[in-house]
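> Quick check, what structure comes out for this input:
(one chain, ligands or ions: 1)
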Amino acid sequence: MPVEPKAIGIFDSGVGGLTVLRRVGECLPNESIVYLGDTARVPYGTKSADTVIRYARACAGILLERGIKILVVACNTASAYALDMLRDELDMPVIGVVEPGALEALHQTHNKRVGVIGTAGTVASGQYTDTIQSLDPNIEVFSKACPLFVPLAEEGWTDGEVPLAVARTYLADFALRDIDTIVLGCTHYPLLKEVIGQAVGEGVVLVDSAEATAHAVCDVVAAMDIAAASGRPPSHQFLVSDAPDGFARIGRRFLGRDIGEVDWVDF
Ligand code: DGL
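Below you'll find the model as predicted:
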C-alpha cells in the first residue's frame with residue numbers, strides 16, 4: 001500500500017537510522033516519511049561490500065514500492081558501499097550520510113587533522129577519507145573502527161564507566177595525533193556523543209553525520225521544489241524485515257519518542 005503521496009524514504013540496517021529520521025523530522029516537520037530497518041540482516045558493518053550492496057538494493061526496492069520521492073541512506077556502511085550503485089540505478093535523488101558528514105568536518109577543522117570513527121565496513125571502504133580529501137587534499141584523516149559502540153548504544157549503556165572505558169581505549173590513538181574534529185560515522189554514535197566527548201577531551205568537535213545529513217535533505221527538497229503541500233498531516237511509517245517489537249522497544253531511544261505501529265515486510 002503506498003504511503004502519503006511521495007514520502008521521503010529512509011533505510012538503515014536496523015534501529016540506528018532513527019537518529020537520522022529524528023533530525024530529518026525536525027528539519028522537515030511537514031514531510032511524510034517511510035522508514036525501513038533491515039532488522040533481519042543487521043549488522044551491515046561486519047559484512048562485505050558485495051553483500052551490503054545487495055541488501056541496499058533490496059531495501060531501496062521496498063521503499064520505491066511505497067511511492068517515495070527521495071531516498072535517504074541513513075546507514076553509514078550502506079552509504080559507504082552502495083551509494084554510487086543506488087545513484088546509478090535510481091531515477092530520484094539519493095542522499096547518503098558520508099558526503100554531508102565529510103563536508104561538515106571540512107567546515108569544522110582548523111588544523112586539518114580529522115578523525116573518523118565507524119563500523120569495520122565503513123572504515124575499510126575508505127569513503128570518508130576519500131570524500132574529505134577530495135574536498136581538501138591537505139586534510140589528514142585518521143580512521144578507527146569502533147564496533148563495540150553499536151551494542152552499547154542498543155543496550156542503552158550510553159554513560160558510566162563501561163562505555164567511557166571502551167571509548168578511551170578506542171580513541172587513545174586519536175589523542176596523540178592532535179585531531180581537532182571527529183566524524184561520528186555510524187548511526188549509533190550520536191547516542192554516545194557525551195562519553196566520546198569525555199574520552200577525547202574538550203576542544204575536539206564531534207560531527208554528527210545524522211544532523212549534517214538532515215540539512216542536506218532539507219537543501220535537496222528546497223532546491224528541487226518537492227516539499228509536501230501544507231495542509232495534509234504528515235505520517236511517519238515504520239517497516240522492518242524482522243522482530244517489530246524489539247525494533248519499537250530499542251528504537252524509542254534512538255528516535256527520542258514512542259514509535260507506535262511497526263509493520264513487518266518480507267523481502
Ligand atoms: N547502521 C550501521 C552504520 O551506520 C551500524 C549498524 C550495523 O553495523 O548495521 O554503519
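> And the contacts of whichever strand or helix holds residue 116?
Here residue 116, judged by DSSP states H and E, is contained in strand 113-118. For strand 113-118, the external contacting residues (C-beta atoms under 8 Å, 6 or more residues apart in numbering) are 45, 76-77, 80, 105, 123, 128-129, 132, 139-146, 149, 170-171, 174, 177-186, 189, 196. (C-beta placed from N, C-alpha, C; glycine too.)
> now swap in stretch 131-145 and tell me
Contacts made with stretch 131-145 from outside it, assessed by C-beta under 8 Å, 6+ apart, are listed as 98-99, 102-103, 105-106, 109, 112-120, 122-124, 126, 128-129, 170-171, 173-174, 177, 179.
> Show me how to select, in ChimeraX, the buried members of the residues you listed.
Buried subset of these, written as a ChimeraX selection, criterion 16 or more other C-beta atoms under 10 Å:
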select :98,99,102,103,105,106,109,113,114,115,116,117,118,119,122,123,124,128,129,170,171,174,179
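> Close to the ligand as well: tell me which of the contacts of stretch 131-145 qualify.
When C-beta under 6 Å from any ligand atom is taken as the criterion, the members of those that contact the ligand are 119, 122.
> The contacts of stretch 131-145 in helices, which ones?
Using DSSP state H, the subset of these located in helices is 98-99, 102-103, 105-106, 120, 122-124, 128-129, 170-171, 173-174.
> and the residues you listed, which two are the farthest apart?
Longest distance between any two of those is 25.6 Å, between 99 and 173; criterion C-beta to C-beta.
> Nearest to residue 8 among the ones in helices among the contacts of stretch 131-145?
Closest to residue 8 out of these is residue 99 (17.2 Å), distances taken as C-beta to C-beta.
> which stretch of helix or strand covers the closest residue to the closest one other than its chain neighbours?
For residue 99, the nearest residue in space outside its immediate sequence neighbours is residue 131; the separation is 5.9 Å by C-beta to C-beta, 6 or more residues apart in numbering. In this structure, residue 131 is located in helix 127-135 according to DSSP H and E.
> and whatever helix or strand comes next after that helix, is it in reach of the ligand?
Proceeding N to C from helix 127-135, the next assigned helix or strand is strand 140-145, under DSSP H and E. No - where contact is defined by C-beta under 6 Å from any ligand atom, no part of strand 140-145 touches the ligand; the two come within 10.3 Å at best.
> and the direction of strand 140-145 versus that of helix 98-108, what angle?
Comparing the axes of strand 140-145 and helix 98-108 via axes from the mean of the first three to the mean of the last three C-alpha atoms, to 10 degrees yields an angle of 130 degrees.
> Which other helices and strands does the helix or strand that strand 140-145 is followed by contact?
Using DSSP H and E, the helix or strand that directly follows strand 140-145 along the chain is helix 149-155. Helices and strands touching helix 149-155, by 3 or more C-beta pairs under 8 Å, 6 or more residues apart in numbering; DSSP states H and E, are helix 161-175, helix 244-255.
> most tightly surrounded among those?
With neighbours defined by mean count of other C-beta atoms under 10 Å, none of the helices and strands packed on helix 149-155 is more surrounded on average than helix 244-255, at a mean of 19.
> Give me the buried positions along the helix or strand following that one.
As assigned by DSSP H and E, the chain's next helix or strand after helix 244-255 is strand 262-264. Across strand 262-264, burial judged by 16+ other C-beta under 10 Å covers residue 262.
> For strand 262-264, the averaged confidence score.
Mean pLDDT, taken over the full extent of strand 262-264, equals 98.
> Give me the nearest residue to the residue of the chain found nearest the ligand, chain neighbours excluded.
Across the chain, the shortest distance to the ligand (C-beta to the nearest ligand atom) belongs to residue 45, at 2.7 Å. Setting aside the residues directly before and after it, residue 45 is nearest to residue 119 in space (C-beta to C-beta, 6+ apart), at 2.6 Å.
> quick one, what contacts the residue nearest to residue 245 when sequence neighbours are not counted?
Spatially, and ignoring its direct neighbours in sequence, residue 245 is nearest to residue 262 (7.7 Å; C-beta to C-beta, 6+ apart). Applying C-beta under 8 Å, 6+ apart to residue 262 gives the contacts 238-240, 244-245, 247-248.
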